[in-house]
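> Quick one, structure for this:
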Amino acid sequence: MNKIDVCFSPELIKLYDIQEKVVVVTDILRATSCITTGIAHGVKSITPVATLEECKTLQAKGYIAAAERGGQKVEGFDLGNSPFSYMNESFRGKKVAVTTTNGTLSIDLSRDAAQVVIGSFLNLTAVVNYLKSQNRDILVFCAGWKGKFNLEDTLFAGAVVELLKENFELACDAPQAAQILYNQSKDDLLVALANSAHLNRLKNFNTMKDVEFCLTPDQYDVIPVLQGDELVQLEN
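Residues are numbered from 1 along each chain as shown. Here you go, the predicted model:
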């Protein structure tokens with residue numbers, strides 16, 4: 001039986017051999033929720049980049065540019081890090097470049113994987129069903145916050161582990177811990193996160209509408225995957 005594992009932060013990814021694994025990158029609040037939303041609303045591709053300079057360069061080439069640092073939109077860019085900003089019909093068929101504090105770094109660190117999948121609560125069941133069909137070990141990679149553990153990404157990892165418990169063997173204690181946290185919290189994720197560091201950080205920016213949406217399972221039946229430098233909808 002293949003195994004499922006969880007990496008709790010980018011600082012720990014060096015401990016994992018990812019080359020033969022499917023890596024599911026998650027940054028619930030809010031990068032992977034935005035990516036999922038954008039692809040679901042017809043964005044052609046999303047190019048994650050590490051720096052503001054790279055994002056600005058692509059903006060000059062005609063990309064829609066999304067940039068976030070510390071939870072806030074960066075001045076001079078088209079979008080910040082709200083999933084609602086991707087629900088724009090004029091973006092359909094367009095290319096987006098994005099850089100965020102945590103999520104885009106984690107995607108970049110996953111490039112050696114057999115496949116990189118973007119996971120969020122918004123596309124939870126679609127991702128889980130796809131993983132069931134893969135004959136590979138799975139690693140759920142939590143973006144965390146500036147290298148540190150965070151709760152919301154871990155709860156998503158736990159949800160994936162719980163839904164795949166009949167299909168995959170737990171690789172170590174990390175997926176078990178995530179699964180326990182999720183099962184204790186799944187009846188009301190917002191309440192479970194009420195005192196979490198990132199939620200309290202985002203409250204200062206009046207983004208609770210974003211938070212509530214990002215914690216709502218199965219809004220979309222899309223699976224963004226990394227192809228080259230771009231995130232695109234997985235082809236059937």
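> And the helices in the chain, which stretches?
31-40, 52-60, 103-108, 124-132, 151-163, 173-185, 189-192, 197-203, 208-214 (DSSP state H).
> how about the second one as PDB, C-alpha atoms only?
Meaning helix 52-60. What follows is helix 52-60, C-alpha atoms only, in PDB (Å, rounded to 0.1, in the frame of the first residue of the first chain):
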ATOM      1  CA  LEU A  52       7.800  40.900  -6.500                       C
ATOM      2  CA  GLU A  53      10.300  41.800  -9.200                       C
ATOM      3  CA  GLU A  54       9.500  38.600 -11.100                       C
ATOM      4  CA  CYS A  55       5.800  39.300 -10.800                       C
ATOM      5  CA  LYS A  56       6.200  42.900 -12.000                       C
ATOM      6  CA  THR A  57       8.200  41.600 -15.000                       C
ATOM      7  CA  LEU A  58       5.400  39.300 -16.000                       C
ATOM      8  CA  GLN A  59       2.900  42.100 -15.400                       C
ATOM      9  CA  ALA A  60       4.800  44.200 -18.000                       C
END
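> helices and strands around it, which ones?
strand 64-69, strand 95-99 (3 or more Cβ pairs under 8 Å, 6 or more residues apart in numbering; DSSP states H and E). The way it works is simple: take the backbone N, C-alpha and C, and place the C-beta from them, glycine included.
> could you redo the last one with a cut-off of 10 Å?
The contact analysis (3 or more Cβ pairs under 10 Å, 6 or more residues apart in numbering; DSSP states H and E) places helix 52-60 against strand 45-48, strand 64-69, strand 95-99.
> is it possible to export these to JSON lines including distance to Phe213?
Listed next are these as JSON lines, based on distance: least, Cβ to Cβ, whole Å:
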{"stretch": "strand 45-48", "distance to Phe213": "18"}
{"stretch": "strand 64-69", "distance to Phe213": "16"}
{"stretch": "strand 95-99", "distance to Phe213": "18"}
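> hmm, who's touching stretch 182-192?
28, 121, 151-152, 154-163, 181, 193-194, 199, 208, 211-212, 214-217 (Cβ atoms under 10 Å, 6 or more residues apart in numbering).
> Mind listing what's buried along stretch 195-214?
Residues Ser196, His198, Leu199, Leu202, Thr207, Asp210, Val211, Phe213, Cys214 are the ones in stretch 195-214 that count as buried (16 or more other Cβ atoms under 10 Å).
> Mind telling me the two of the residues you listed farthest from one another?
Greatest spatial distance in the buried residues of stretch 195-214: Ser196 and Phe213, 16.5 Å, computed using Cβ to Cβ.
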